[in-house]
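# turn this into a model:
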Amino acid sequence: MLTNRRVIRIEWGDCDPAGIIFYPRYFVYFDVCTHALFERAGCSMRELQKAYGMLGFPLVDARARFVLPCAYGEDVTIESGISKFGRSSFHVEHRVYKGETLAVEGVEVRVWVGPSAAKPGQMEARPIPPEVIRRFTGPN
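Numbering: from 1, shown residues only. As a prediction, this is how the structure comes out:
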């Protein structure tokens, strides 16, 4: 399975008054890292929208387990990969490391969507194209 690693420096604006990351910021990092993972697979959002008429892959579930606090000025490495594909959904696992030590684990569940034919102006789940799945599951 394809994975992506991204180093992020924790900025003051990411932190609470105690200087540790305010927990919702991790979910922003996870979103950024999901899009970076798709870019690494050669699937930019604009290209996917153009090729498949999809609108995006909105989040339908998100969880995190916090092991160690991360603080202002630290560099963390986020490793991201898709752990499961369904018909129209997929699970992205994120691991945040301080050096070699696991600090946070997160999971996102996202759904591949396109415009609804039955309800103009709304969206509906669509099957994930097999060629997109292959970019994550094939030899890399």
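# find the residue closest to His91 in space, skipping its chain neighbours.
Leaving aside its chain neighbours, His91 sits nearest to Lys84 (4.3 Å; criterion: C-beta to C-beta, 6 or more residues apart in numbering). Where you see a C-beta, it was placed from the backbone N, CA and C, and this is true even at glycine.
# with Arg65 instead?
With C-beta to C-beta, 6+ apart as the criterion, Arg65 has its nearest non-adjacent residue at 4.7 Å, and that residue is Glu105.
# touching, the one you found and Arg95? I think so.
Yes - the criterion here is C-beta atoms under 8 Å, and Glu105 meets it with Arg95 at 5.7 Å.
# more neighbours: which of the two?
Arg95 (17 against 14; other C-beta atoms under 10 Å).
# residue contacts, that one?
Ile78, Glu79, Ser80, Leu102, Val104, Glu105, Gly106 (C-beta atoms under 8 Å, 6 or more residues apart in numbering).
# dump those to TSV, plus secondary structure and distance to Ser116.
What follows is the contacts of Arg95, written out as TSV (DSSP: H, G, I helix; E, B strand; the rest coil; distance: C-beta to C-beta, whole Å):
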residue	secondary structure	distance to Ser116
Ile78	strand	33
Glu79	strand	35
Ser80	strand	29
Leu102	strand	40
Val104	strand	35
Glu105	strand	34
Gly106	strand	30
